[in-house]
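*Asks:* give me the fold of what follows.
(one chain, ligands or ions: 1)
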Amino acid sequence: MMSAPEKPLRIGVLGAANIARAFITALRGSTKVDICAVASRNAEKAAAFCKENGIAHSFGSYEAMLADSSIEAVYNPLPNNLHAEWSIKAANAGKHVLCEKPFAANSVETKAMFDAAAANKVYVVEAYPYRAQPQTIKLAELLRERAIGKVQLIQASFGFPLPVNGNIRWDPSLAGGALMDAGSYPVSLVRMIAGERPTRVHAMARFADSGVDRTLIGSIDFPGGVMAQISCSFGTARHRHAMIIGDAGSIETAYYNDTSDKLPPHVIIKRSIAFDAPREIIECAAAPGFRVQGEAFYDLVRDGWASWPGATPEETTDIMLTIDALAASARDGKVVAIQH
Ligand SMILES: NC(=O)c1ccc[n+]([C@@H]2O[C@H](COP(=O)([O-])OP(=O)(O)OC[C@H]3O[C@@H](n4cnc5c(N)ncnc54)[C@H](OP(=O)(O)O)[C@@H]3O)[C@@H](O)[C@H]2O)c1
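*Replies:* Alright, predicted model coming up:
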């Protein structure tokens, strides 16, 4: 029997971000997580956001919230260029951190964030709600059981239409771009499935007037034999899909963050090498992604790494190294080796 949580994890949110609304809504009523505060650079904005979202405490600066010793952890949904600075400040203030993807602006910052986590004995992890979804846990189980044999190829994509309207994702100075934003998802999925550190990449991109990549496709090579192709875009219809092909079958998944009747929580598997073999649809439980991720973060803080379904520090390090390498390759057209 599951025991009742000892006490909810008190989380403060850095920034009155759009995505913080979804985070707060999904975790409302949780017995594991209490989102008790939001900090904004502007006190009036913080107060209005807290009133609108039913949050008890507002802070007029990020520093003030980090100085509050009653807050145990922070959720960091700031623009990508601020993830490292504020996650490190939070860790130095003794807070655990659930940091939005992409974890940082680059792999150098990523290392500094994990160094700060180690120095302060706190958990600093990257937010990928799909990783805590029952369908992703089922996918990982099928791959462990070798249900499609040995994985050889992965194709993973994520894209959506993003109007050019001042969104942080179009701004190179805020570490925007399709690869950083949408592309971090397929890169993370590919790293999870391959289960080892990538060695080299090759990429092509089309760029927006602001200078960030608008659409990018890339290849990623792994030493154990897996080869992966990823794509991401701000200029397509909304899509999110992965095909994992082994030497004895294949699996399709949408690796959704949120699953529901409209976004079905299932994995489609063909346990055969034949074209016309039947596809089995494995139904999984539906779950709001931020809810399962937030509660998994509670379990991590209270019980340690064994219970964490999300990206480990080594995976996050590799995701950021891969993003750095894909971005460099898309700029100069060459194959880029990844140095670990
Ligand atoms: N996991 C997911 O599925 C998912 C989905 C969406 C977004 N995200 C991630 O969450 C983060 C935020 O995305 P969002 O769409 O919610 O962004 P957003 O609405 O633009 O919010 C970002 C917040 O950062 C603060 N900020 C601090 N300095 C800023 C600056 N120079 N320019 C703009 N904002 C600044 C602002 O809060 P104050 O003004 O209150 O200080 C702002 O509200 C990104 O890293 C993104 O990748 C993840």
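*Asks:* ok, now which ones touch the most centrally placed residue in the chain?
*Replies:* In the chain, the centroid-proximal residue (C-alpha atoms, centre = their mean) is Tyr128; its distance is 2.8 Å. By C-beta atoms under 8 Å, 6 or more residues apart in numbering, the contact list for Tyr128 reads 101, 185, 188, 257, 293, 310-311. C-beta: built from backbone N, CA, C; applies to glycine.
*Asks:* out of these, flag the one nearest to Ile24.
*Replies:* Gln293 (13.1 Å; C-beta to C-beta).
*Asks:* quick check: the closest one is in a helix.
*Replies:* Yes. Under DSSP: H, G, I helix; E, B strand; the rest coil, Gln293 sits within a helix.
*Asks:* that one and Ala127 touch, don't they?
*Replies:* Yes. The pair Gln293 / Ala127 is scored as a contact, 6.3 Å apart, by C-beta atoms under 8 Å.
*Asks:* could you name every residue contacting both of those two?
*Replies:* Contacts common to Gln293 and Ala127, judged by C-beta under 8 Å, 6+ apart, are 98, 310.
*Asks:* hang on, Ser188 in a helix?
*Replies:* Yes. Under three-state DSSP, Ser188 sits within a helix.
*Asks:* could you check how far it is from the ligand?
*Replies:* Distance from Ser188 to the ligand, counting by C-beta to the nearest ligand atom, to the nearest Å: 11 Å.
*Asks:* what does Ser250 give?
*Replies:* 26 Å.
*Asks:* can you give me phi and psi for the closest residue to that residue other than its chain neighbours?
*Replies:* Nearest residue to Ser250 in three dimensions, chain neighbours excluded: Lys270, at 5.1 Å (C-beta to C-beta, 6 or more residues apart in numbering). Per-residue torsions, Lys270: phi -120, psi 110 (degrees, to the nearest 10).
*Asks:* what sits against Lys270?
*Replies:* Contacts of Lys270 (C-beta under 8 Å, 6+ apart): 148, 249-251, 277-280.
*Asks:* between those, which is nearest His239?
*Replies:* Nearest to His239 among the contacts of Lys270, with distances taken as C-beta to C-beta, is Ile251, at 17.5 Å.
*Asks:* read off the pLDDT value for Ile319.
*Replies:* Looking at Ile319, its pLDDT reads 98.
*Asks:* and the stretch 101-250 of the chain, which residues reach the ligand?
*Replies:* With C-beta under 6 Å from any ligand atom as the criterion, the stretch 101-250 of the chain meets the ligand at residues 101, 127, 129, 168, 174, 181.
*Asks:* closest one to Asn42 out of these, please.
*Replies:* Using C-beta to C-beta, those come closest to Asn42 at Ile168, 16.4 Å.
*Asks:* backbone torsions only: list them for the closest one.
*Replies:* phi -60, psi -20.
*Asks:* most neighbours of all the contacts of Tyr128, which one?
*Replies:* Ser188 (28 neighbours; other C-beta atoms under 10 Å).
*Asks:* ok, the residue of the stretch 101-250 of the chain at minimum distance from the ligand to Cys232 distance?
*Replies:* Residue nearest to the ligand within the stretch 101-250 of the chain (C-beta to the nearest ligand atom): Ile168, separated by 4.4 Å. Distance check for Ile168 against Cys232: by C-beta to C-beta, to the nearest Å, it reads 16 Å.
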